[in-house]
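1. what shape does this take:
(one chain, ligands or ions: 1)
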Amino acid sequence: MLMRVNSLTALYRSHAATLLASYARALEQAELDAVVLHSGAPQKRTVFDDQYWPLRPVPHFQHWAPIAEANCFIVVAKDGAKLYRKKVTSFWERPQPLSCPHVLEVLSHCTFDELDEVRAVLPQGRVAFVSENANIGESLGLTAEMCNPERLMKEIDPLRARKTAYEAHCLRIANEIAAHGHRTLEEAFRDGDHSELDLHLAFLKATRQDATDTPYTNIVAVAENSSILHHISYERNPRGAQSLLVDAGATYMGYCSDITRTWAKGTNEVAKKFSFILDRVEKMQQTLCRSVKLGEPYEVLHNAAHIEVANILRDAGVIGVAAQEAVDRGITRTFFPHGLGHSLGLQCHDIGCAELATESKGSALRGNFPIREGQSFTIEPGIYFIDTLLEQARSDERRDAIVWREVEQLAPLGGIRIEDDILVSGGANVIENFTRDYLPVGGANVT
Ligand SMILES: [Mn+2]
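-> Numbering: from 1, shown residues only. Sure, this is the predicted structure:
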């Protein structure tokens, strides 16, 4: 344990040094002397009540320190960074005790009572403020024009795309934690019949997370609910479902994992057909992971996924046209309507990688980018039977390409998605798959 803390400190020390050098260049480019990064301010759930959402720190702040305390600041100048933590005086509530001693060991820090104390020690010259709350900056004497200035943001946002060794380590641990949850749910599904709510609660318990700690609300969907891409309105009762899709992650030091697994059971003809598709989606996902090439646009992988989705649908007898035709006519988008993946980091859908325009019309890809060393992103193909999209296809010229009898039989099992978190390590294998190290299988029939 001590070793782990020490090595985390060493990793963070190097991360902070890299970050400082990058910030120094960014400040230079933006003709600034310093920047004040704000942790965030409490956001009201509704203006008509007095309850607040749990604080999600501003990612630029979190890039330096995973501290979910309101109104803390990191002042970064070209020659150093310092953390200012607000003393908590409220007798109503208190933030969680800090779980990042490695940060406090490396980053110079102090506490304060009033904003004026921070204002009094800010560097001279042109100082920017990065925050969702320009008014807090004004209390520090930083005008609204200096809040999130474009010239600075376009320098510091892309810094999050290339992960340091510390960040890669945090992403790996976030995968390790989430894997406990996925394994627990796979076993629960294999051996019994549980409601979505109970599976969701079992995931939280296995990963030792409160619902507000997860990077995004767990998606736990049985049967036809798994065709709802973000299904979070959990059913309260078990109903002997033959399929389960779990899209759920964990955080470690602010870094997110985002993992999807799909499981099926049953031996009847429909279950067998669904399992055939599941098996093929698993193979496709692994092939896509192996196809990551440095310098190539991410969209190449997305487009390859569409061709393979068409092959699978054709081999399963769900469509009756050739693969390329199915892609060209937008038939695969009925069954695979989302992007193949997104960059990952301090936010589940992280900024940083989206640099290139997508070429294919309506590709649904969140961002396209040339694949480079240090990036982390997900690869998450899927095949679903989504009633609203199928209705659209049934009402237009795609109708004749789809075998509706097959669709109707498979629709009660919902859909399939398999998602891993990847680091472009640039080594012999090009990528490191954080997820498969802990969850070797992406989906299967567990009967
Ligand atoms: Mn995802």
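2. and stretch 68-85, which residues are buried?
-> Neighbour-count burial for stretch 68-85, counted by 16 or more other C-beta atoms under 10 Å, picks out 68-78, 81, 83-85. Heads up, the C-betas are built off the backbone N, CA and C, glycines and all.
3. ok, these vs the ion, which is closest?
-> In terms of C-beta to the ion, no member of the buried residues of stretch 68-85 lies closer to the ion than residue 68, at 22.1 Å.
4. please report the distance of the nearest residue to that closest one once chain neighbours are set aside from residue 41.
-> Of all residues not flanking residue 68 in the chain, residue 55 sits nearest, at 4.9 Å (C-beta to C-beta, 6 or more residues apart in numbering). Going from residue 55 to residue 41 by C-beta to C-beta, to the nearest Å gives 8 Å.
5. neighbour count winner among the two?
-> Neighbour count, other C-beta atoms under 10 Å: between residue 55 and residue 41, residue 55 has more, with 19 against 15.
6. helix or strand: which one has the more buried one?
-> Element membership for residue 55 (DSSP states H and E) is empty, with no helix or strand holding it.
7. pretty sure it contacts residue 62?
-> No: applying C-beta atoms under 8 Å, one finds residue 55 not in contact with residue 62, separated by 10.7 Å.
8. what does the stretch 151-300 of the chain put close to the ion?
-> residue 258 (C-beta under 5 Å from the ion).
9. find the nearest non-adjacent residue to the residue in the stretch 201-350 of the chain that the ion sits nearest to, please.
-> Using C-beta to the ion, residue 258 is the residue of the stretch 201-350 of the chain that sits closest to the ion, at 4.1 Å. Residue nearest to residue 258 in three dimensions, not counting chain neighbours: residue 249, with 4.6 Å by C-beta to C-beta, 6+ apart.
10. related to what we said a few turns ago, can you pull the contacts of the residue nearest to residue 68?
-> Contacts for residue 55 (C-beta atoms under 8 Å, 6 or more residues apart in numbering) come out as 39-40, 42-43, 68-70, 95.
11. from residue 40, how far off is it?
-> As defined by C-beta to C-beta, residue 55 lies at a distance of 5 Å from residue 40.
12. identify the bridge partners of the residue in the stretch 301-447 of the chain that the ion sits nearest to.
-> Minimum separation of the stretch 301-447 of the chain from the ion (C-beta to the ion) falls at residue 378, amounting to 4.5 Å. When assigned by DSSP bridges, residue 378 has beta-bridge partners residue 421.
13. residues touching it, list them.
-> 258, 341-342, 344, 419-422.
14. distance check, it against residue 42.
-> From residue 378 to residue 42 the distance is 30 Å (C-beta to C-beta).
15. now do residue 380
-> 33 Å.
16. of these two, who's got more company?
-> Using other C-beta under 10 Å, the more surrounded residue of residue 380 and residue 42 is residue 380, with 23 against 13.
17. quick check: the more buried one touching residue 416?
-> No: with contact defined as C-beta under 8 Å, residue 380 does not count as touching residue 416 (10.6 Å).
18. circling back to that earlier point, of all the contacts of residue 378, which two lie farthest apart?
-> Farthest-apart pair in the contacts of residue 378 is 342 and 420; separation 12.7 Å (C-beta to C-beta).
19. more crowded one of these two?
-> residue 420 (27 against 21).
20. quick check: closest non-adjacent residue to that one.
-> Nearest to residue 420 is residue 435, by C-beta to C-beta, 6+ apart, at 3.9 Å.
21. one step back: rebuild the contacts of residue 55 as JSON lines, extending it with distance to the ion, secondary structure and pLDDT.
-> Formatted as JSON lines, those follow (distance: C-beta to the ion, whole Å; DSSP: H, G, I helix; E, B strand; the rest coil; pLDDT from 0 to 100):
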{"residue": "39", "distance to the ion": "25", "secondary structure": "coil", "pLDDT": "98"}
{"residue": "40", "distance to the ion": "23", "secondary structure": "coil", "pLDDT": "97"}
{"residue": "42", "distance to the ion": "28", "secondary structure": "coil", "pLDDT": "92"}
{"residue": "43", "distance to the ion": "24", "secondary structure": "coil", "pLDDT": "93"}
{"residue": "68", "distance to the ion": "22", "secondary structure": "coil", "pLDDT": "94"}
{"residue": "69", "distance to the ion": "28", "secondary structure": "coil", "pLDDT": "95"}
{"residue": "70", "distance to the ion": "28", "secondary structure": "coil", "pLDDT": "95"}
{"residue": "95", "distance to the ion": "28", "secondary structure": "coil", "pLDDT": "83"}
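22. taking the stretch 1-150 of the chain, what residue is nearest to the ion?
-> residue 59 (16.8 Å).
23. for residue 65, see how far away that residue is.
-> According to C-beta to C-beta, residue 59 stands 11 Å off from residue 65.
24. the more surrounded of the two?
-> When residue 59 and residue 65 are compared for neighbours, residue 65 comes out ahead with 27 against 20, by other C-beta under 10 Å.
25. from residue 37, how far out is the more buried one?
-> Separation of residue 65 from residue 37 (C-beta to C-beta) stands at 9 Å.
26. residue 279 too?
-> From residue 279 over to residue 37 (counting by C-beta to C-beta), the distance is 47 Å.
27. ok, residue 263 next?
-> 42 Å.
28. same question, residue 312
-> Counting by C-beta to C-beta, the gap from residue 312 to residue 37 is 46 Å.
29. now swap in residue 98 and tell me
-> 17 Å.
30. could you work out the end-to-end span of stretch 325-345 for me?
-> Taking C-alpha to C-alpha, to the nearest Å, the first and last residues of stretch 325-345 lie 36 Å apart.
31. let me see the mean pLDDT of that stretch.
-> Stretch 325-345 shows a mean pLDDT of 96.
32. phi, psi of the residue of the stretch 1-150 of the chain closest to the ion?
-> phi -60, psi -30 (degrees, to the nearest 10).
33. just give the closest residue to it, not the sequence neighbours.
-> Sequence neighbours aside, residue 346 is the residue nearest to residue 59 in space, at 4.5 Å (criterion: C-beta to C-beta, 6+ apart).
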